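In: need a structure here:
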Amino acid sequence: MEPPPERPWDSPSVADTAAEFLSLIGLKELEGCLFAERLAVVAVGASPRDKAQGQWWMAAQWAPYQQEGAPMQSCILVQTRFRSKHNGVPVSSSLKAYLTWQLETLEQEEQECLELTPHPTEKRTHFVSHEYGMTVTRTLQEGGAEPQCHSFSYGRARLRARLLEGASLLLLRVLARRQTMPPGLVFPAINSEGDLCTFSYSTLGIQRQAVGSAETEVFVIRRAVRASTGAPSVWHSSFLPSGHLAQLMQIGAPVLMLLQDESILSKSGRFAPQLPFPKEPLEWDEDMELYSYFLDRKVRWTWGQGDLGLCQSPARSPLVCPGDTQRGQGTNILPHTLSSVGKDPGSCPPHPGIVSMGEMCVCAHPTHPVHPTAGGAATLPCCLPPAAP
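Out: Numbers count the residues shown, from 1 in each chain. From the prediction side, this is the model:
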């Protein structure tokens, strides 16, 4: 008999890739994702300025955490709350998760309430991590009946790089602030029912979206939750550059969550321009064409210095003559150096026709061309032999 096909949520390769990705998330990067935000709940298809039917709230912050018999530790507390109406019936949900900064879930509790009179329904799912793995407890209470509880556990080996809902929400902020993600990003996960599944993330790019009466650019991420049974649940999350949500929508749901506070836009910054191709570092010394161009310019410069005969003595300074050394055009440097102010003119290199004129030595050869200086106050000759006729 052939072995059963490997399920993606149990695949070692998926866990290895996910663990490597999580290990690259830095503590400083996570700290930029610790803030609170609030969205309005509106009906799908409604105007962004329509009256809200409810609210969705999320906050992430550092908090102390301690299990019984264990020392206290600092972790990240992620909380969400949702309240709205469905067909006139009040509905609410909440999430409270304690995470390590590697996004490992220490404890999480999710609650859903349907306030249907006279039989309200409440469902809770509690996750707690321990040295042997993780225990999941599901509780369902309908009206005044006794609550129904069901518990089961997962071994430590099956929890490697596995995300829960609270960790997934924080990871979305990290991806949004990066404004990029690798293709085919998949994590082993556990859904709100406590079942093994996968969370997959992909980008839908930068889009335009209304926020109140304004319009802005948002970075859209698609998250799909796939379990062994049933259709996948797909969420579209639209983020501002700061990592704040502008819109949160579950495909097929009658409501969505929208940002209506335009004041957030002034603090969110702007997206970096997206290049149509990846930016490559310029290694000019390894590029044959660029390196050849560099050598050619270097040789020209070296020859030019030699032809002009620059003096290397630190006690002398070259004089710039606004005339070509051969044709009397352009700007060049005299092939001799002049003595500094107060120096002995005899210290100039021997040259027929060089005489002293006060503070400097100039050429007095009658056949050499003479050119005006840049200031126009004196004349300076070119001291090379005149051009051949």
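
In: confirm that Thr135 sits in a helix.
Out: No - the assignment for Thr135, made by DSSP: H, G, I helix; E, B strand; the rest coil, is strand rather than a helix.

In: quick one: pLDDT of it?
Out: Listed pLDDT for Thr135 reads 97.

In: OK, contacts around it?
Out: Phe127, Val128, Ser151, Phe152, Ser153 (C-beta atoms under 8 Å, 6 or more residues apart in numbering). (Each C-beta comes from the backbone N, C-alpha and C, glycine too.)

In: hang on, Trp101 packs against Lys28?
Out: No - using C-beta atoms under 8 Å, Trp101 makes no contact with Lys28, being 10.3 Å away.

In: more neighbours: these two, which one.
Out: More crowded of Trp101 and Lys28, by other C-beta atoms under 10 Å: Trp101, with 16 against 7.

In: would it be right to say that that one lies in a helix?
Out: No - counting by three-state DSSP, Trp101 is not found in a helix; it is coil.

In: ok, now which ones touch it?
Out: With the criterion set at C-beta under 8 Å, 6+ apart, Trp101 makes contact with Leu27, Leu30, Cys75, Ile76.

In: in the sheet, who's paired with the third one?
Out: Translated: Cys75. When bridges are called by DSSP bridges, Cys75 pairs up with Ala63.

In: make 17 the starting number, not 1.
Out: Let's use 17 as the start, then, which means that last one is Cys91.

In: ok, it - how many residues close by?
Out: What Cys91 shows, counting by other C-beta under 10 Å, is a neighbour count of 20.

In: okay, it: pLDDT?
Out: 96.

In: can you show me the helices along the stretch 67-216 of the chain?
Out: For the stretch 67-216 of the chain, applying DSSP state H, counting those that start in this stretch gives helices covering 181-194.

In: show me where it dips below the pLDDT cut-off.
Out: Nowhere does the stretch 67-216 of the chain drop to pLDDT under 70.

In: just to revisit the earlier point, JSON lines for the contacts of Trp117, including distance to Trp72?
Out: Converted to JSON lines, the contacts of Trp117 look like this (distance: C-beta to C-beta, whole Å):
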{"residue": "Leu43", "distance to Trp72": "27"}
{"residue": "Leu46", "distance to Trp72": "22"}
{"residue": "Cys91", "distance to Trp72": "23"}
{"residue": "Ile92", "distance to Trp72": "20"}
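
In: out of those residues, which are buried?
Out: Leu46, Cys91, Ile92 (16 or more other C-beta atoms under 10 Å).

In: in what helix or strand does the first one lie?
Out: The one in question is Leu46. Per DSSP states H and E, Leu46 falls inside helix 43-47.

In: for His102, what are its contacts?
Out: Per C-beta under 8 Å, 6+ apart, neighbours of His102: Pro270, Val271.

In: give the contact list for Ile206.
Out: Contacts of Ile206 (C-beta under 8 Å, 6+ apart): Phe143, Met150, Val152, Tyr170, Arg178, Leu179, Leu180, Leu212, Cys213.

In: mind listing the residues bridging to it?
Out: Leu212.

In: again with Val236
Out: Assigned bridge partners for Val236, using DSSP bridges, are Gly221, Ser254.

In: doesn't Cys49 lie inside a strand?
Out: No - assessed by three-state DSSP, Cys49 does not belong to a strand; its assignment is coil.

In: now for it, how many residues are close by?
Out: 21.

In: for it, report the pLDDT, please.
Out: pLDDT, Cys49: 96.

In: the nearest residue to it once chain neighbours are set aside: neighbour count?
Out: In space, and not counting its chain neighbours, Cys49 is closest to Arg189: 3.9 Å by C-beta to C-beta, 6 or more residues apart in numbering. Here the number of neighbours of Arg189 (other C-beta under 10 Å) works out to 25.

In: next: the one 5 residues further on.
Out: Per other C-beta under 10 Å, the neighbour tally for Arg194 reads 12.

In: OK, contacts around Ser184?
Out: Counted by C-beta under 8 Å, 6+ apart, Ser184 has contacts Phe203, Ala205, Phe215, Arg239.

In: mean confidence score for the helix or strand Thr33 falls within?
Out: Thr33 is part of helix 28-39, with elements assigned from DSSP H and E. For helix 28-39, the mean per-residue pLDDT is 92.

In: what is it packed up against?
Out: strand 201-206 (3 or more C-beta pairs under 8 Å, 6 or more residues apart in numbering; DSSP states H and E).

In: still on that earlier bit, quick check, nearest of the contacts of Ser184 to Arg99?
Out: Arg239 (22.3 Å; C-beta to C-beta).

In: kindly confirm my reading that that closest one is in a strand.
Out: Yes - counting by three-state DSSP, Arg239 is part of a strand.

In: now it, nearest residue through space, not along the chain?
Out: Trp251 is the one closest to Arg239 (C-beta to C-beta, 6+ apart), at 4.7 Å.

In: where do the strands sit along the stretch 217-366 of the chain?
Out: 230-243, 249-255, 261-266, 271-274, 333-337, 348-354 (DSSP state E, counting those that start in this stretch).

In: format those as TSV; extra columns: mean pLDDT.
Out: TSV is the format used below for these (pLDDT from 0 to 100):
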stretch	mean pLDDT
strand 230-243	94
strand 249-255	96
strand 261-266	95
strand 271-274	91
strand 333-337	44
strand 348-354	41
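
In: quick revisit: TSV for the buried ones among the contacts of Trp117, including distance to Arg193?
Out: Shown next, in TSV, are the buried ones among the contacts of Trp117 (distance: C-beta to C-beta, whole Å):
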residue	distance to Arg193
Leu46	10
Cys91	20
Ile92	15
